[in-house]
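J.: Build me a model from this:
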Amino acid sequence: MLRPSKFKHVTSSPTRATMPRPWMKLTSRRIGMLLVLLGFAWGCTLIHFTLTRTDGDDRSEGLRKKILSMSREYVKEMANRAESSPDGLQGNPEEPGYGYDMKKMLAVLLNDMGKRLDKLEERFNNLQAQDKNKEDQSTDEEVPLNRRSNLEGVPHPENCEIPNEPDFPHCGGKVEWMKGFWTTDPCYADYGVDGTTCSYLVYLSEVEKWCPPLPWRKNFTSTVSDDPAEMASLKEDPTALLEMLSSDKSLLWIKMRVERMWPQWVEAATSLSASLAKRKRKRILIHLGLLSKESEWHFGEKAFDGGPLGELVQWSDIISSVYVLGHDLELSFTKESLKSKLEFDSQKNKGGCPIKGRPPADIIYIDILGLAQIKKTLGMAGIQHYACYFRVVDSFGTEPEFNFQPYAKQRSRKSPWGGWNFNPRQFFTMFPHSPDNSFMGFVVEQHLNKSEIQNIQKIKKQNQALVYGKNDYMWANSGNLINALAQHFQVHSTVAKNNDDQKQLENVPSFVMNHGVLPSEQLYDILKRTKLFVGLGFPYEGPAPLEAIAMGGIFLNPKFSPPKSRKNTKFFEGKPTFRELTSQHPYVEVFVGKPHVYTVDIDDRDSLEAALTEIKDLKVDPYMPYEFTAEGMLQRVSTYIQKHDFCGNSNAWPPESALQVRLSDKGQSCKQACQDQGLICEPTYFPLLNNEKIMEKNGLKCSSMDDMMEVYAPSRNDGTGACSLQSERLLFSCVGLDPDYQRICPCRDFIHGQVALCHDCL
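T.: I've put the predicted structure just below:
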């Protein structure tokens, strides 16, 4: 049985001719909405008219404010009426819920109109402030803002001349920039800039260091105290450091290495104690971005399961160096802790100027992941405020053309790791492969005591080869090499596996004796007995080959032909460098060599066989480059901490006495030109050579002179004779070259076994 419908049954419907047209039905609701739209259009028209008027009199200004106020009151009143009405604006909706929906829509519309009026008023206030600044700037020496000038209370010249000194080539350009743009950022006025040339020079000489110190300001510069309480003293007790490293499981591997190697650090510090006297104690913050949860790389957890160790080795040794040298150390490894340590007073530090007052640390050691976390948390303002305090631990390095963002963008130098606009010397590398960056390094762990080194021949080297490849995928396509090795040596490996099932290793031959991932002590015990340590071509530039050489082993170093770089190798695609690797480990190829290192094309069967035959009958002593000992690293890190100053524009270190000027061949980089003379290119000296007189004095005759923003300037076009000076100091580069240009190069000597330091550097 059908139930009657609760809706009325319509028995007839109007014809098309008699049906009313809904859009022609003028209800009170539609009339109200029309009035709202007309009122809004009227208000916007008047607002636009008043904002675009150029009259500056009081009546015009008052009228603008009155119109804004009336418009806002009108919108609020309409919104209140809409809220109080049962169905928005009264009418007869035909569909269920129609009135409620229209009420919501109208309320949202009116609310949006109110917000737009707020924005218009904000814009009006900003325009009014800018007009005031422009009016004030029309009088050359007046103070436009109600802030204290950096000239108040200080005797100063009526008119300041812009200095023209070779050490500060960009001073004039920066003054001109300040004239046009100092009002665009409130931080300049906070530092006392008042629109006068003298105030520009004070700021550019004392805050950003683009100009030389002003003679009439010498009594207002701060001096460094020699208070004994502020001097550093060596620390031999690691208790406090080990407690710091016990705060999280991700630090466990680092803690174990620090504890294991502590006797080496104490011995090294004792040996250097005389040269480490009278050092300023610094406040140093170390942030390990690679260990943070946000990185999702799990370096700390994977360290015991075959994960990459090179970065952890380097961070361990940086932490140990800073602590044993007696500096105040703080550790951070989460985004939250980093943010809390770098929080600054937003009222004192506005805009993009350097930080005012005492910074949270004198030096901040950080990695690229950590920088990305700062950028995400505090924005680019956070990066700018602390820029000169950063020391970026960057394994493969960052070349100037990737570092300077405007140039990188113009030249399509794409890299997720570049564009920070730091001094290139602020990037610290694992090996000394690029003189544009600084060499940080690490310490090769020694497991031979002095008596063992003296009686090395008593340590029985077995006829075994240990293959350098901790993961199965690294062994892919290595069959010919492994078979050739097996003809001369018993082959061992330390490849990670999920369980004891050897069959899971697809690329490791069954005749290879695989030990799995070993604790450090067991690994070094195998290295003591191993004659040959064999590279597979990957990983690139790790610490393990140096550890094997320090044990008296020989490293078989795969040669790359052609060299590998971002141009032909996926691993390097995103790296901010064009550096070409000629082998798996270029450092030991160039700085160590035979008999400790044999660099061989492992795909050339004859060359490989000849090398293996020669190595089989060879006996070598352990070898350790001084720069990779604990003593060498302490000497280097201590010098960096005391001498590096990236917050100024001074070329005081390395000392000018070490400078040796050389000319490159046409199309040659300064790195290569200096290296050919047994020297090192030193980019710090480039500003000293960046002027016409010096270029001509050293043999570059110039038919004309101009400025350019290129990584191979200063230089001379070999075809036209035209010389070019560098217009951007962040692009001074040792590795830059152009096939048509001859470069003038700043070279220096270096201490044997300590390439980062010159003889006059200590």
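
J.: Please identify which helix or strand holds residue 561.
T.: strand 554-564 (DSSP states H and E).

J.: Tell me which other helices or strands that strand touches.
T.: Applying 3 or more CB pairs under 8 Å, 6 or more residues apart in numbering; DSSP states H and E, one finds that strand 554-564 contacts strand 530-535, helix 544-550, strand 581-583, strand 597-600, helix 605-616. Placement of C-beta: from N, CA and C, glycine included.

J.: To residue 670, which of the ones you listed lies closest?
T.: strand 581-583 (19.1 Å; CB to CB).

J.: Give the partner strands of that closest one in its sheet and their orientations.
T.: strand 554-564 (antiparallel) (DSSP bridges).

J.: For the strand it pairs with, give the mean pLDDT please.
T.: Taken as a whole, strand 554-564 has a mean pLDDT of 97.

J.: What are the buried residues along it?
T.: For strand 554-564, the neighbour count (16 or more other CB atoms under 10 Å) marks 554, 555, 556, 557, 558, 559, 560, 564 as buried.

J.: correct me, but residue 385 touches residue 360?
T.: No - assessed by CB atoms under 8 Å, residue 385 is found out of contact with residue 360, at 9.9 Å.

J.: neighbour count winner among the two?
T.: residue 385 (24 against 17; other CB atoms under 10 Å).

J.: Relative to residue 337, how far out is residue 594?
T.: For residue 594, the distance to residue 337 (CB to CB, to the nearest Å) stands at 48 Å.

J.: quick one on the thing from earlier: possible to save the helices and strands packed on strand 554-564 as JSON lines with distance to residue 681, mean pLDDT and mean neighbour count?
T.: Below are these laid out as JSON lines (distance: least, CB to CB, whole Å; pLDDT from 0 to 100; neighbours: other CB atoms under 10 Å):
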{"stretch": "strand 530-535", "distance to residue 681": "28", "mean pLDDT": "97", "mean neighbour count": "25"}
{"stretch": "helix 544-550", "distance to residue 681": "24", "mean pLDDT": "94", "mean neighbour count": "24"}
{"stretch": "strand 581-583", "distance to residue 681": "18", "mean pLDDT": "97", "mean neighbour count": "20"}
{"stretch": "strand 597-600", "distance to residue 681": "23", "mean pLDDT": "98", "mean neighbour count": "23"}
{"stretch": "helix 605-616", "distance to residue 681": "32", "mean pLDDT": "96", "mean neighbour count": "15"}
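
J.: any low-confidence regions in the protein?
T.: Counting by pLDDT under 70, the chain shows low-confidence ranges at 1-148, 152-154, 219-229, 295-298, 300-301, 305-308, 343-352, 447-459, 498-503, 649-651.

J.: one more time with 50
T.: Within the chain, the stretches with pLDDT under 50 are 1-26, 46, 49-60, 63, 82-106, 108-109, 126-127, 129-146, 222-227, 345-347.

J.: where along the stretch 201-350 of the chain do the helices fall?
T.: 239-244, 252-271, 299-302, 310-324, 335-342 (DSSP state H, counting those that start in this stretch).

J.: do the same with the stretch 351-500 of the chain
T.: All helices of the stretch 351-500 of the chain, identified by DSSP H, counting those that start in this stretch, fall at 368-386, 400-403, 405-410, 450-454, 479-486.

J.: Can you say which of these is nearest to residue 712?
T.: helix 400-403 (10.0 Å).

J.: Check which helices and strands the closest one sits against.
T.: Using 3+ CB pairs under 8 Å, 6+ apart: helix 400-403 touches helix 405-410.

J.: Which elements pack onto the helix or strand hosting residue 742?
T.: Using DSSP H and E, residue 742 sits in strand 741-748. Under the contact criterion of 3+ CB pairs under 8 Å, 6+ apart, strand 741-748 touches strand 660-663, helix 670-676, strand 680-681, helix 686-689, strand 715-717.

J.: between the buried residues of strand 554-564, which is nearest residue 157?
T.: The nearest one, if we look at these relative to residue 157 and count by CB to CB, is residue 564, at 58.5 Å.

J.: Am I right that that closest one is in contact with residue 581?
T.: Yes - Residue 564 is within contact range of residue 581, at 4.7 Å (criterion: CB under 8 Å).

J.: any residues in contact with both of these two?
T.: Residues within reach of residue 564 and of residue 581 at once, by CB atoms under 8 Å, 6 or more residues apart in numbering, are residue 540.

J.: and residue 272, what are its phi and psi?
T.: Residue 272 has phi and psi values of phi -100, psi 10 when expressed as degrees, to the nearest 10.

J.: Quick check: it vs residue 194, distance?
T.: Applying CB to CB to residue 272 and residue 194 gives a distance of 50 Å.

J.: tell me the phi and psi of the nearest residue to residue 713 once chain neighbours are set aside?
T.: Leaving out its chain neighbours, the residue that sits closest to residue 713 by CB to CB, 6 or more residues apart in numbering is residue 726, at 4.1 Å. Main-chain dihedrals, residue 726, degrees, to the nearest 10: phi -80, psi 130.

J.: State the number of residues packed around residue 726.
T.: Look at residue 726: counted by other CB under 10 Å, it has 25 neighbours.

J.: Enumerate the beta-bridge partners assigned to it.
T.: Applying DSSP bridges, one finds that residue 726 bridges with residue 708.
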